[in-house]
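> Need a 3D model of the following:
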Amino acid sequence: MFSLVGHRCRSVPTPRAAHRAIKRAPGRENVAQFQALHLSQFTLLPTNPKTGSARMCARSLSQRHGCASLSTSSFRSISTTIRNDFYASRNLQFPSDPASSTKPPRHPKSPRRIKRLRNLLVLLVVLSILYYTYSPFRHTVLASVRCARLMRAVVTDVYDYKQTFAAEERLAPLGRDLTPEELYVRRQARKDCHKRSAERMLAALKKNSGIYVKLGQHVAAVQLLPKEWTDTMRPLQDQCFPTPIEDTDVMLRVDLGRGIDDLFTQFDARPIGVASLAQVHRAIDRGTGRPVAVKVQHADLQEFAAVDMVTVNFAINFVKYIFPDFEFSWLGEEMNEMLPLEMDFRHEASNSARCRSEFAHLKGKTSLYLPEVLWAERRCMVMEFIDGARVDDLVYLKDHAIDRNQVSQELSRIFSQMVYINGHFHADPHHGNLLIRPKAAGSSSPFNFDVCLLDHGQYFDIPDDLRVNYAHFWLSLIKKTSKKTTAERKYYARLVGNIDDEMYPILESAITGQINMADDTNTHDVTGDKRPTSLLDQRTYDEDSIKKLRGALMEKEGLIVSIFELLRTVPKRLLMILKLSDLQRSLDQSLATTHGQSRVFVIIARYCAEAVWRADVVSFHNSLRTTGLSFGVFRDFVRAFFSHVYWNTTLGIAEVGLDVRARWVKIMLWTKGLGKGGLKAAEEEMAGLTTKSPMKV
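As a prediction, this is how the structure comes out:
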């Protein structure tokens, strides 16, 4: 009922302690005398503002301890007297009674609050010192921020998609069909959701940089994904941030025991190229005096790589748990396998040496050139400097009289040799990894240019059965559509990708980059035009038509789920081949070629025919060793030989016809430019600088 506020004691006595003191007091008849003797150090105040009045306190003391009844006024008088005597004895001024004051008392700041503020300030100072002086602590803080940034984008995207899909379900209750207006609303809602989600993810990937940029680049290269995602992620191909030269110098001293000045006589602080994992500087090698290109890994990449990989895998599994149909396990598998290898430049140097040896027998038949590697360590590689330009620099090609059609064809030959013959291919040949230069002194190129292939960190091997069956599948796409051809296409689709008849059209579109070809049940496309019956059917589309066709395909009911099913089903090596095919088509389009995509398809088909023929020869030799010569073995060999001759002859004729047509188109462009502005305009028109030729598929 009351509390005792102590003035002598450091702690406040409880009411129970006060009662015990009263019991021990001698002479309880006179409460005033007792309080004056034994409780002079306390002030009795009511504790309950509603019921704890002085009257109740007085009654409580009297009843509890058998004292004579105290009136309220007596109790107040005694309390006031004790209080005043106590403060007077110590020359103190008792604060005014809150009940009798019109203004609330002004209490000084609590010592406990000041102590908390002081402790917080000390903690912040200690954490700041740890952050700037102790790298493991800084690593933990930054890694946590990067993880939180990615997961925030992932969780927000997941919530956005959940809300969008829930809205779709509310459009058609009880399973009724959607009206055209409702279909439009659903399509637009999905597109908007794709765009919002991709932009959120792009912002997170750009801020985190490193392997996150690499992840976004791979998403941009998978053309099967919604266009809103691939287009949004495409800027990551060229938007990478350089590492300061001071950090690079520290990294070299840690790894090699020598800094930049110890290794090079000159070193350009400004990088000539910046990628997601590394950057390249121009320098002069101190040991040889040669101009070199120095590839150095981003200094902070290794610090966060392990945590970043765990975070990405967790995010992928999280999305898979929420949306089982939309999993990205294929993306995580590639990252887990390839990133540790790409972060070791000794592995890249080994890939470069192997690729050089695989093309050594083609001396005089290919324009491929690989820069010489002087030396390579885990995070630094020094190689020959190549003075050239990006392969799609049309102004550079024009100034050096390089035929852009020949460049495109050479790129197709180089990568077809890798995929179908060598079974070991460069899986990331984007525009920044390919340089073009005029034919150098001592070069064995059959053309007036060299194609220089850079960045050999990402290579894949292809099993022989997948390589040969994929070649068979490609040849079946070149043939005219018939019942036999359609059955052959679907047969090899099952062999190369475990693809059933329902998912076959998606695989075909992914490989060819165009609308599906005709069969018995599908003779017209979504615009009502007849479908092509072969990859060699020449049809012309402008970009708007291509976008409409692809847009109509993406809006097909259940197509997104089927695409993710395809990405989950097909072998990972086939996914890398599809990625390579997309990059090849992108290169051909950026070169503004006049021969059309059919020319590229013919080149691929020639290498496929060669791969099949070599496999048939190996099979024939194996049969001779195991069963000996028989009529069946001889018959199969003769059949394979004539098939090889047939493909070489027909494809050779097709190549000549397409090249003649391409030259004629150039002549027409030159004539068109001449009429516009004279010889200069004619040359620019023919070089593809002023006009945008239609896309041929």
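> Tell me where the model's unsure across the stretch 551-697 of the chain.
551-561, 691-697 (pLDDT under 70).
> can you give me the strands for it?
For the stretch 551-697 of the chain, applying DSSP state E, counting those that start in this stretch gives strands covering 695-696.
> Tell me the helix or strand right after the helix or strand encompassing Ser144.
Per DSSP states H and E: Ser144 is located in helix 135-171. Scanning forward in sequence from helix 135-171 by DSSP H and E, the next helix or strand is helix 180-208.
> From the contact counts, what lies against that following helix?
Contacts defined by 3 or more C-beta pairs under 8 Å, 6 or more residues apart in numbering; DSSP states H and E place helix 180-208 against helix 135-171, helix 211-221, helix 227-233. The way it works is simple: take the backbone N, C-alpha and C, and place the C-beta from them, glycine included.
> hang on, Leu150 packs against Asn313?
No: counting by C-beta atoms under 8 Å, Leu150 does not reach Asn313; the two are 11.3 Å apart.
> between the two, which one's more packed in?
Remark: of Leu150 and Asn313, Leu150 carries more neighbours, 22 against 16, as counted by other C-beta atoms under 10 Å.
> Just list the residues touching the more buried one, thanks.
By C-beta atoms under 8 Å, 6 or more residues apart in numbering, Leu150 lies in contact with 204-205, 208, 212, 311-312, 315.
> Kindly recompute the last result at 6 Å.
For Leu150, the contacting residues are 204, 311, by C-beta atoms under 6 Å, 6 or more residues apart in numbering.
> Same check on the one 10 residues further on?
Shown in contact with Asp160 (C-beta under 6 Å, 6+ apart): 193, 197.
> one more time with 8 Å, if that's ok
Applying C-beta under 8 Å, 6+ apart to Asp160 gives the contacts 193, 196-197.
> Looking at neighbours, which among these is most surrounded?
Ser197 leads the contacts of Asp160 on contacts (other C-beta under 10 Å) with 23 neighbours.
> Against Ser352, how distant is Ile322?
Separation of Ile322 from Ser352 (C-beta to C-beta, to the nearest Å): 42 Å.
> And His361, by the same measure?
Distance from His361 to Ser352, by C-beta to C-beta: 17 Å.
> hey, where'd the strands end up in the stretch 301-450 of the chain?
Going by DSSP E, counting those that start in this stretch, the stretch 301-450 of the chain shows strands at 368-369, 373-376, 380-384, 389-390, 424-426, 434-438, 449-453.
> Show me what the last one is in contact with.
The one in question is strand 449-453. 355, 367-371, 386, 388, 391, 400, 402, 406-407, 410-411, 414, 426, 429, 433-440, 443.
> Sort out for me which of the residues you listed are in helices.
Of the contacts of strand 449-453, the ones assigned to helices by DSSP state H are 355, 406-407, 410-411, 414.
> if we can go back for a sec, run the angle between the helix holding Ser144 and helix 211-221 for me.
30 degrees (axes from the mean of the first three to the mean of the last three C-alpha atoms, to 10 degrees).
> model confidence over helix 135-171, on average?
Averaged over helix 135-171, pLDDT sits at 81.
> What of stretch 360-370?
94.
> can you give me the end-to-end distance of it?
11 Å (C-alpha to C-alpha, to the nearest Å).
> What residues of that stretch count as buried?
Using 16 or more other C-beta atoms under 10 Å as the burial criterion, the residues of stretch 360-370 that qualify are 362, 366-370.
> same thing with stretch 495-505?
Within stretch 495-505, the residues that count as buried by 16+ other C-beta under 10 Å are 495-497, 499, 503-505.
> cool, and stretch 270-280?
Buried positions in stretch 270-280, judged by neighbour count with 16+ other C-beta under 10 Å: 271, 273-280.
> Let me have the residues you listed in a markdown table, extended by pLDDT and distance to Glu334.
Formatted as a markdown table, these follow (pLDDT from 0 to 100; distance: C-beta to C-beta, whole Å):
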| residue | pLDDT | distance to Glu334 |
| --- | --- | --- |
| Pro271 | 92 | 26 |
| Gly273 | 85 | 23 |
| Val274 | 86 | 22 |
| Ala275 | 83 | 17 |
| Ser276 | 81 | 14 |
| Leu277 | 86 | 14 |
| Ala278 | 89 | 18 |
| Gln279 | 91 | 23 |
| Val280 | 94 | 24 |
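> Output the residues you listed as TSV; include the columns distance to Ser144 and secondary structure.
Shown next, in TSV, are the buried residues of stretch 270-280 (distance: C-beta to C-beta, whole Å; DSSP: H, G, I helix; E, B strand; the rest coil):
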residue	distance to Ser144	secondary structure
Pro271	29	coil
Gly273	31	strand
Val274	26	strand
Ala275	26	coil
Ser276	22	coil
Leu277	22	coil
Ala278	25	strand
Gln279	26	strand
Val280	31	strand
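> and which of the residues you listed is nearest to Val254?
Of all these, Ala278 has the smallest distance to Val254: 16.3 Å, by C-beta to C-beta.
> how about the nearest residue to the closest one, chain neighbours excluded?
Using C-beta to C-beta, 6 or more residues apart in numbering and skipping the chain neighbours, the partner closest in space to Ala278 is Gln297 (4.9 Å).
> Would you agree the one you found is in contact with Leu277?
Yes: at 6.3 Å, Gln297 counts as touching Leu277 under the criterion of C-beta under 8 Å.
> Overlap of the contact sets of those two?
Residues touching both Gln297 and Leu277 (C-beta under 8 Å, 6+ apart): Met343.
> Next up, the contacts around the closest residue to Leu252 other than its chain neighbours.
In this structure, Leu252 finds its nearest non-sequential neighbour in Gly259, 5.6 Å apart by C-beta to C-beta, 6+ apart. Contact partners of Gly259, counting by C-beta under 8 Å, 6+ apart, are 249, 252-253.
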